[in-house]
Structure formats: C-alpha cells, structure tokens
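Trainee: sharing a sequence plus its predicted fold:
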Amino acid sequence: MMTTVSAVSTVGEKLNNLVVAEGVFHDEVVQLRSDLDYLIENCLVSNQSDSSISGDVPKQVRQLAYEIEDAVESYSAAGQAAAAAESRGVFRCRLWKRSTAARREDLSVLKMRIDEVKNILTIRSSGGGGGGAHYERRVPDYRASLIVPMTDASDVKNILLDGRPNQLSVTALVGMPGLGKTTLARLCYNDPTVTKNFDIRAWATVGIEFQARGILETILFCLASSDLSRDEISGMETMELINQLHKAQKEKIYLIVLDDIRSVDDWNTLRFAFRDDRNGSRILLTTRVMEFRKLTRFIYPVRFMDRDESYQFFKLKSGGLLDDDPEIEKIAMRIAKSCRGLPIATTIIGGAMRTKNLEEWERMEQMLRDNMYSSDDRMQRILDIGYNQLPLHLKPCFLYLGYFPPSQPIPVEKLCLLWMAEGFISIRGSNIGKSQMEVAEEYFDELFDRSMVSVAVNEEVPPSARFQSCTLDDSIRDLCIKKGEEEDFFKVERENITRNLTGRVALCLNTDDIIHLNVSEGKDIRSILFYDMDESHSKQARPREFPDLTEFRRTRVLDFDEVDFRVTKLPRGVEKLTYLRHLSFRGCYLHEFTSSLSNFPLLETLDLRVRVSCVMTIQNVLTKLSSLKHLYFPLNFRCDGTEDKLKLDTLTKLQVLENFNACMCDVNDLLQLESLRVLTVSVDGNNTDLKKTTSCLNKNKFLRHSSVVVKNFDSYTKERLSVVAALLKCNALHGLNIEGYLGVTLLHEGIGSNFTSMVFNGSEFSEDPMPILGKLRNLRSLVLRNDAFVATKMVCSDESGFPQLTSLEISTLRLLEKWEVRGEVFMPRLAVLTIEKCDKLEEIPLGLSKIQTLRKINVRSMPKEFQDKVKETTNKLMAPFSYEY
C-alpha cells in the first residue's frame, strides 16, 4: 500500500507544478490537486491496514496513478518543447497552440482518471494522512548519535592500549545485531587517548557483500591518503596493492578496525595484508560470529544495557525532556525496560517518541505490551513499530535507504536528489517558499532525529550543519528491504536475469555476463540504479552489455554509480527516456557527454561528476535541458573541439551549479541564472572572468552557498589588485581558494563577513595576515600554503581569536621561524592542526594546550628535531599526534 500512496502523492506534486504553469485553467488544475488530496487522506492513508484494499487493488490504483502522471508530464513536456522552439525563433508547433476547448478537454480527461481511482477504492469518511506534518528546521546535533550508554568503552580501550604483547594482536567485539558493536568500536577508534598512541589508523566495513580487494583499497587509502589518490590505488595490480599496504605499515604503530566481519573465511583472506613489526599494532574486529573466540587473542562479548543505562539512553533519544512530566517519565521508564537493554530497540522507540504527548505515550506503551509476546521476534516487532510510527511523508524516504548497497556510506546529497526526482518531496503548507533541496534536507533531519539513520561524521572536523553521508544499522537496513519488498516498493537484483520487477530496481554489477531486464515489465519501471559492486574496479568483472532501455519510457531516474564505460557501452535506448528527471554518472568513467543525452525536456538533475582521472568532453547541447535545476560538472572537462564555450543561458531554473569552469563555460551566462542557490566557480587567470563572477555573486539574491577557485592570478597591476579586492569584499562569497601573488594591502581594505573557508596559495603576504583573518567570525577552515606568508614571525592573539575555526593548515612557509600565541581565548573550536614543509619553524606554541577541542596534529615532511619537540608538547595536550617523514 505504501507504494500506491507514494505513487498517488507523486502525481499530486506534478499537479502542483502544473498549477504554476497554467493561467486561464488555474482553478481546474487546483481542483484536480484537491481531489488527489482527498483521495490520499480518505481512501489510502486511513485504509492502509484494511483487507478490503488488498490483492490486485493497490496495483490497479498504482497503475492508474502512473497513467495520470504520464499524462501530466506529457502535457508539461509539450509546453517545454514549444517554449524551447520559440526561444530559438521557431514558430510554436500546432500541437501546442490548440484551442482553449481542447486544453479544457485534456484537464477533463485527467479528472476522469482520478475519479476512476476513487471508484476502485472504498471511500471512508474517517482518518487523516498526517503527510503534511510540520517540522521545525534546526541544525541537527550529530553528537547525540555518537553517545552510547556503555561502560564497556574503557575496557576495550585498555585492551588496545595494553603494551603487552608487543606483537600484533587482534581483538574481536562479539554480539548479536543491534547491541552497538560498531558504535563501541567507533568510540574507541576516535578517542584521543587511543589515537595518540597510534601513528596511523584505518577503518573498513566488511559486511555481507565481501569484497576483499575493495576492503584492502579502503585501508590503504586511510593509511597513505597523503601520497596516493583513490584512482592510483584502484589502478594497482593486487600484488602491488599488498606491497603498498606493507610499505605504509612499516615501522608504524597502526590501529585497523574491520567492522561487521561475517565469517572466519573472510578474516583468513584479509589477515595476510597486515604485517607484524612487534611494535604494539592492533586490529579490532566487530562480528556476530562466536567462532572468533578460537582465532583472536582477546574476545570481548558486548553486553546488553542495564536498567539505568537503558533509561538514560532512552531519555537521550526521546529528546531528554521526560523529567518535565512525571506521568510521561513513569511510562518512559516502563517502555525503556520493555526494550530489554538492546540499544537498537531503545534507539528506535526513543526516536519515535520525540515531541509526543501523554496520550501518545500511553498508546505506545500499550502497543509494546500487546506485541511483545516472545523474545524471539521482539526485535522485529519493535522495528515494525518504529516504521509504523513514521509520518506518511517519511515512509517512502525511509524505504528508499534500502535501495543502496550494503556496507557503504550513503551520500546524503545524492539521497536527497533521488527523493526529489521520485516526487517524495512536498512543497506545500509550511514548505512554501523553500527549495526542494531544503525540504529534502529537513526530511533527512527528521529521519536522523528518529534515529532511523546514523551519520558518518568526519572525526577530524565536525560538520557545522549539513551531513555528507549516512549509514544504516544492519537491522534497520533489513527492515527497509523487508518493507520494500512487502510494499512492492523496490527490488535489488544481484543476478543477471531479472523477473517480477517493481517500480524501482537496483542492479548490482558484479558479473561479466549480459544483464537482462524483462521488457514486458518496462512500462512499470520508474527508476533504475546501476551499482558497481566490485570495489576493485577490475575490468574483468564487468557486464559486457547493458540491457536495452528502449521500452522503459516511463523511467524517471537513471543512475550509474562508478561504472567504467571504457569496457561497457551505454545502454541502447537511453535517448528514448523522455520522461527522465534524474541522470547521474557520478564516480563513473565516461569520456563524452553527447547530444543523444540531451533529449530530456523534463530533466531536473544532471550529475556529471565522473572520476577525477577522467577528462570528459561535453558537447554544447546543455541549453536543450531547459528544466534543469541541479547541474554538476566534472572537476576536469573540455568542450567538443570547437572554439565556442559551453552555453547555459537558457537554464534559468538552475538552483545548483557546481564546478563551473570559466575556461570552458561562458561567464556571461551566470548573470542570467537568477535562481541559483549554490554556485561553485573556477577561474584561471582571466581578469574579465573574475570581475564578471564577482558581479554575479553580488547580484544574486538567493545564494545559500558559493565558492570560487582562482588559479594563476598574480596581482601585480592596480587593475588586477582591484578585481581581487572586490572579490575579497564580496559578502555573498563563502569559500575562496586563490593562487597567486596578492601583496599586503588587500587584506587591510576589507574582507567579506561570510567566509567559511579560505585558501591562500603563493600570496606572499609580507605582513602577518592572522590579525585580520582571525576577526572573520564565520571562518571554519584556513590554509596558508606555498609562501602565502613571507616573514619570520606569525602571531595569534585573543583579539583576533578565530571564534569558529576548526581546521588550520600551514604548509611550505619557507621563511617562518616562530609562531606565537598570546592571550587566553584563541581558536576555541580548533580540531585539526596541520604543519607541513615549514623547515625553519622551531616549535608549535605551548599556548595550544589551552585549546580543549584540539583532536589531531598532523606533522608532515618536517625536520626530526621539530617532530621531537612536537612529541614533547603533545604529552601536555589531549590531541593525538601523527607524523610522516
């Protein structure tokens, strides 16, 4: 039933778009939208558990909804084509320029189709959907997801830090799913008292889809990321990969975590990659397999929480305000007790009870009492309750999480883009005036607050607001897949022949055979995701041929994830998918974006962020995609051989434009893109381009985030200095990475107040920039690199205290000898300090000991005397110390 509700809701969102487009027929379209609202609330939502609408009825309703959606989008597509033709000076086609009566007839047909849906279902007057629930936006607190009520952490840390034995030792955290093994391992992995005792660390998730090579690549990247890129590691032969792993571990004390290892055979495959220099290195495993008792030196059974721990954890997850109401507090204690000390159960039920009133607390207690018949299925019943408590608008978003491969972080941005393409995001009620991405982010925050997802946090620099990626507990992912299959919501295929497909299918590319899709089911497929499950990127493990997509004309989402198109061609028939709204080649190897990929009048998201090593050629056809709202260029790309730059002036609906390269694209077009909310631009040495970019930033009223990378821009003339000065003063700019001589006067002339990150490369400031830069109240990341500062002494004081700075890097400042810290309040949030190739720098300031948040000091390519002094200083700090010769 959830799939049917989602399908009908999606049609409603498409009608919202039609409301905006229609003029004289505005009232008729609004009435259609109202009919659908009534249908969702009174026919579908209130009857989700009603046996009278079972069997083929939901499928019939869903099919009708799809037909209505097709009709709406065909109408929209015709309008887009006509508008595009008119913009090129072509007379509007006769098909679009029809009589008023004919267009009213179109709307009447849509009304009849909605009435058909009503007639299929049993209309009930009671109930309500709750799908328009209001959610107050806030900055989510990731720290709440990292707190676990376990005293076990100190025991595990003691095992890891015990100097005996010197030889490599392996510790296994063992327990059933949902006990918090991964969370316990993560706490120990990131604890400063642990990390300061290890030179290098790595974390890799094994999971049920065991990929030995991919796991070893992940470990090597963690250990040697400063020397080797992901593409370089992926291109290594297996023996070279192992040799590089041994080289990275040589004479280093390392800590490696292998999370969720499922079998002894998996461990036996991986263990040869870890060398033993008898220096106290450690490996920590998390597993549900008790056989590891015989294979590891230490075994640590992860226990259930006791009663007090359960309640405190439940209190945290439910919002922490239980003490305000004695009646709710009593019920909360009983509910926490019913979770029987299982962290995942406590997490799910606690998250479901945030902001609930007394009556809802009583209802939950009764529900748990009625469903807790036996301990065998207690876990599944609690998970089912957590799912059923989700509001209607979150259920399809939650189920979609099961669409992604296991044991891999889920990019939050990609997740939100897919939700938008599927029509899950509602711009109604309190959401009016917001962008779809803003609402999608709020939906994600709701799932996070309910503890249905965990955020993957960079332990070095906590995020200021947005999350980069998320993960799922195995039990919650199993729930997604179970409910998704029950609801015919999606299907994940790992075989090369697919049958009985639902509206969404994810195909995992892990064979060298031809993948087949059942053409007879093509009309029902709304989204297709191709995942490369072989993390080694081996050319031998690729399908020779993709399925023909010609008959899959209703597809709205087509996503290729890390597919190498050097050995596999694009599927035939892609250009026939005229309803496509989302097309992504993120992480792929695709040499060319051709004109055949521009036949999508309704496309809203185009993601061309291929691998860094792939230089894509883009034909000048993007202007045909006039519905685009989100465009992501590759980091490296070129035009199709002509002298003309890529044109984007017709893309007036663009809200997100990333990796815009002024060498390849016409900067004048930026002035036409007045709806931009996110903009990242690269300018290479051109004075005029930089001036126009600054003008665009100043004129745009909707920008939420903008950043500019300026390359090869030496400012030796007054004209060039004035252009850079204007850029620095721009209050609409948030990130700046500038390469080239700037001199000294620019910083004194003023800097915009909204900078969050700044990189100065080769600036040659002769005066200390820290007193000025330290006054930027929003600055979180600062890098001074390659003689950005050319003097012997740098001073930081509490007068310019960098109040928000979390990351500071000073690199290749060849004249710097002394760095002083004065005052009591200096960089109060600094988490990571990196010092590299500053050969004359004598020592780091002792004043850093006052920074309570400092978690890591990276010292790279510095003299041994400096390293020894840093080691002495770090003994006085809580910050761990890592270095590279």
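Mentor: Right, received. Where do you want to start? Numbering: from 1, shown residues only.

Trainee: ok, which stretches of the stretch 301-450 of the chain are helices?
Mentor: Under the criterion DSSP state H, counting those that start in this stretch, the stretch 301-450 of the chain contains helices at 307-317, 326-338, 343-352, 358-371, 378-388, 395-399, 412-422, 436-449.

Trainee: surely residue 188 is in contact with residue 160?
Mentor: Yes. Look at residue 188 against residue 160 with C-beta atoms under 8 Å: they come within range, at 6.3 Å. Where you see a C-beta, it was placed from the backbone N, CA and C, and this is true even at glycine.

Trainee: okay, the two: which has more neighbours?
Mentor: residue 188 (26 against 21; other C-beta atoms under 10 Å).

Trainee: any idea how far that one lies from residue 201?
Mentor: Noted for residue 188: a distance of 11 Å to residue 201, by C-beta to C-beta, to the nearest Å.

Trainee: check residue 692 too.
Mentor: In this view, residue 692 and residue 201 are 45 Å apart by C-beta to C-beta.

Trainee: got it, and residue 635?
Mentor: 28 Å.

Trainee: when the two are compared, which one has more neighbours?
Mentor: Ranked by neighbour count (other C-beta under 10 Å), residue 635 and residue 201 place residue 201 first, with 21 against 17.

Trainee: in three-state terms, label that one for me.
Mentor: strand (DSSP: H, G, I helix; E, B strand; the rest coil).

Trainee: tell me what the closest residue in space to it that isn't next to it in sequence is bridged to.
Mentor: With sequence-adjacent residues excluded and distances taken as C-beta to C-beta, 6 or more residues apart in numbering, residue 201 is closest to residue 255, at 4.7 Å. Beta bridges link residue 255 to residue 201, residue 282, judged by DSSP bridges.

Trainee: ok, residue 255 touching residue 198?
Mentor: Yes. Between residue 255 and residue 198 a contact is recorded at 4.3 Å, counting by C-beta under 8 Å.

Trainee: what do the two both touch?
Mentor: Taking C-beta atoms under 8 Å, 6 or more residues apart in numbering as the contact criterion, the common neighbours of residue 255 and residue 198 are 281, 282.

Trainee: how far away is residue 858 from residue 821?
Mentor: Separation of residue 858 from residue 821 (C-beta to C-beta): 18 Å.

Trainee: how about residue 360?
Mentor: Distance, residue 360 to residue 821, using C-beta to C-beta: 52 Å.

Trainee: neighbour count winner among the two?
Mentor: Legend: neighbour count by other C-beta under 10 Å for residue 360 and residue 821, higher for residue 821 (19 against 14).

Trainee: quick check, the more buried one in a helix?
Mentor: No. Using three-state DSSP, the assignment for residue 821 is strand, not a helix.

Trainee: which element, helix or strand, includes the closest residue to residue 212 other than its chain neighbours?
Mentor: Distances taken as C-beta to C-beta, 6+ apart place residue 269 nearest to residue 212, at 5.1 Å, with adjacent residues excluded. Element membership of residue 269 [criterion: DSSP states H and E] is helix 264-270.

Trainee: centre of the chain to that helix, how far?
Mentor: 31 Å (C-alpha atoms, centre = their mean, to the nearest Å).

Trainee: who are the packing partners of it?
Mentor: Helix 264-270 is packed against helix 212-224, with contacts defined by 3 or more C-beta pairs under 8 Å, 6 or more residues apart in numbering; DSSP states H and E.

Trainee: list the helices and strands the helix or strand just after the helix it packs on packs on?
Mentor: Once helix 212-224 ends, the next helix or strand along the chain (criterion: DSSP H and E) is helix 230-234. If you count contacts as 3+ C-beta pairs under 8 Å, 6+ apart, helix 230-234 packs onto helix 212-224.

Trainee: by contact count, what packs against the helix it packs on?
Mentor: Contacts defined by 3+ C-beta pairs under 8 Å, 6+ apart place helix 212-224 against strand 200-205, helix 230-234, helix 238-249, strand 254-259, helix 264-270.

Trainee: angle of the third one against strand 254-259?
Mentor: Taking axes from the mean of the first three to the mean of the last three C-alpha atoms, to 10 degrees, one finds that helix 238-249 is oriented at 130 degrees with respect to strand 254-259.

Trainee: what's helix 238-249 packed up against?
Mentor: Contact here means 3+ C-beta pairs under 8 Å, 6+ apart; on that basis helix 238-249 packs against helix 212-224.

Trainee: can you list the buried residues in the helix it packs on?
Mentor: Across helix 212-224, burial judged by 16 or more other C-beta atoms under 10 Å covers 213, 214, 215, 216, 217, 218, 219, 220, 221, 222, 223, 224.

Trainee: quick one: low-confidence ranges for the stretch 1-150 of the chain?
Mentor: 1-33, 35-68, 71, 74-107, 110, 113-114, 116-150 (pLDDT under 70).

Trainee: try 50 this time
Mentor: Within the stretch 1-150 of the chain, the ranges that satisfy pLDDT under 50 run 24, 50-52, 90-99, 123-139, 142-149.

Trainee: pLDDT weak spots in this structure?
Mentor: In the predicted model of the chain, residues 24, 50-52, 90-99, 123-139, 142-149, 459-465, 497, 536-541, 879, 882-885 satisfy pLDDT under 50.

Trainee: shared neighbours of residue 188 and residue 160, anything?
Mentor: Common neighbours of residue 188 and residue 160 (C-beta under 8 Å, 6+ apart) are 194, 284.

Trainee: just the closest of the buried residues of helix 212-224 to residue 175, please.
Mentor: Nearest to residue 175, judged by C-beta to C-beta, of the buried residues of helix 212-224 is residue 215 at 21.5 Å.

Trainee: what about the residue nearest to that closest one when sequence neighbours are not counted, how many neighbours?
Mentor: In space, and not counting its chain neighbours, residue 215 is closest to residue 204: 4.8 Å by C-beta to C-beta, 6+ apart. Around residue 204 there are 22 other residues, counting by other C-beta under 10 Å.

Trainee: again, but for residue 730
Mentor: Neighbours of residue 730 using other C-beta under 10 Å come to 20.

Trainee: you'd agree it is up against residue 694?
Mentor: Yes. Taking contacts as C-beta under 8 Å, residue 730 lies within contact range of residue 694: 5.7 Å.

Trainee: tell me the secondary structure at residue 166.
Mentor: Here residue 166 is coil, with the state taken from three-state DSSP.

Trainee: next one: phi and psi at it?
Mentor: Dihedral pair for residue 166: phi -70, psi -30, per degrees, to the nearest 10.

Trainee: okay, stretch 700-708 in CSV with CA atoms only?
Mentor: In CSV, the C-alpha atoms belonging to stretch 700-708 read as follows (Å, rounded to 0.1, in the frame of the first residue of the first chain):
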residue,chain,number,x,y,z
ASN,A,700,22.1,37.1,-6.9
LYS,A,701,19.5,37.3,-4.1
PHE,A,702,19.1,33.6,-3.3
LEU,A,703,22.6,32.2,-2.9
ARG,A,704,22.9,29.9,0.2
HIS,A,705,26.5,28.9,-0.6
SER,A,706,29.1,30.0,-3.1
SER,A,707,32.8,29.3,-3.6
VAL,A,708,35.4,30.4,-6.1
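
Trainee: pull out the buried positions in that stretch.
Mentor: For stretch 700-708, the neighbour count (16+ other C-beta under 10 Å) marks 700, 703, 705, 706, 707, 708 as buried.
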